[in-house]
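[1] I'd like to go over a predicted model; first the sequence, then the structure.
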Amino acid sequence: MRRNRKQAVMAVAIVVLCFGLAACKTAPKPSSEKADPRDEVRAMARMTLGQLYAKSPAAQNAVMKAAGYAIFTDYGFKALSMGGAKGAGVAVNNATKQETFMRMAELQPGLSVGAQKYRVVFIFDNPVAFNSFVISGWDAGANAMAVAKTKIARGALAGAVTVSEGVYMYQLTVEGLIVGVSITGAKFYRDKELN
């Protein structure tokens with residue numbers, strides 16, 4: 001009889017606990033209140049432009065006068081001879097203010113160990129270069145990066161490198177602007193889920 005009472009008390013306690021946990025459960029947010037991943041990318045882009053303008057004030061005028069620009073955040077990890085990175089970004093057409101959300105993936109060969117986070121800003125001199133980037137994407141192969149390292153821009157684009165005709169790129173770390181470029185094997189492409 002005593003054993004039955006203990007089991008009954010345990011059963012009641014479990015039921016009360018289950019009801020209590022169910023009552024504490026938060027209701028799912030309506031779709032209008034769910035966080036939009038595009039907002040995170042936009043916030044990253046605003047912060048990155050602020051950092052770029054602080055390090056290179058002339059870049060603000062270059063961005064505003066360009067046909068468009070694109071900003072990416074990238075988080076990578078290297079272990080011994082190989083590493084990789086992935087990131088998200090947005091390309092903005094300055095004439096129409098239309099946004100195209102994009103992705104990047106990078107394969108990083110080389111001997112080192114550690115994690116790194118950096119941001120990349122592209123500036124497009126003309127609509128053809130911008131549209132080509134947004135529609136077809138872009139591959140930053142070893143040859144393209146080798147050429148880019150020898151083409152450091154001057155004047156309004158000081159600190160950027162020319163990565164192709166009419167396309168300039170800044171690379172920033174947490175510490176600040178990198179003069180030159182250190183990405184290779186990267187691919188930039190449209191994000192099918194966010195567009």
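    Ah, there it is. Numbers count the residues shown, from 1 in each chain.

[2] Going by C-alpha atoms from here, please, whenever you check contacts or count neighbours.
    OK.

[3] Just give the number of residues close to Gly166.
    16 (other CA atoms under 10 Å).

[4] Spatially nearest residue to Met44, not counting backbone neighbours?
    Setting aside the residues directly before and after it, Met44 is nearest to Thr73 in space (CA to CA, 6 or more residues apart in numbering), at 7.4 Å.

[5] and the helix or strand containing Lys86, average pLDDT?
    In this assignment (DSSP states H and E), Lys86 forms part of strand 82-93. Across strand 82-93, pLDDT averages out at 82.

[6] packing partners for that strand?
    Contacting strand 82-93 under the criterion 3 or more CA pairs under 8 Å, 6 or more residues apart in numbering; DSSP states H and E are the following elements: helix 37-55, strand 68-79, strand 99-109.

[7] among the ones you listed, which is nearest Gly166?
    strand 68-79 (10.9 Å; CA to CA).

[8] one step back: so can I have a markdown table of the helices and strands packed on strand 82-93 showing distance to Ser132, mean neighbour count and mean pLDDT?
    Shown next, in a markdown table, are the helices and strands packed on strand 82-93 (distance: least, CA to CA, whole Å; neighbours: other CA atoms under 10 Å; pLDDT from 0 to 100):
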| stretch | distance to Ser132 | mean neighbour count | mean pLDDT |
| --- | --- | --- | --- |
| helix 37-55 | 21 | 16 | 93 |
| strand 68-79 | 12 | 21 | 75 |
| strand 99-109 | 12 | 20 | 83 |
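
[9] Just list the residues touching Gly166, thanks.
    Phe124, Asp125, Asn126, Ala129 (CA atoms under 8 Å, 6 or more residues apart in numbering).

[10] mind redoing it with 6 Å?
    By CA atoms under 6 Å, 6 or more residues apart in numbering, Gly166 lies in contact with Phe124, Asp125.

[11] which phi and psi does it have?
    In terms of degrees, to the nearest 10, the main-chain angles of Gly166 are phi 80, psi 10.

[12] What's the separation between it and Pro37?
    30 Å (CA to CA, to the nearest Å).

[13] Also Ala129?
    Taking CA to CA, one finds Ala129 at 27 Å from Pro37.

[14] With Leu157 instead?
    Leu157 is 30 Å from Pro37, where distance means CA to CA.

[15] Quick one: low-confidence residue ranges for the protein.
    1-34, 75-84, 107-116, 141-156, 176-184 (pLDDT under 70).
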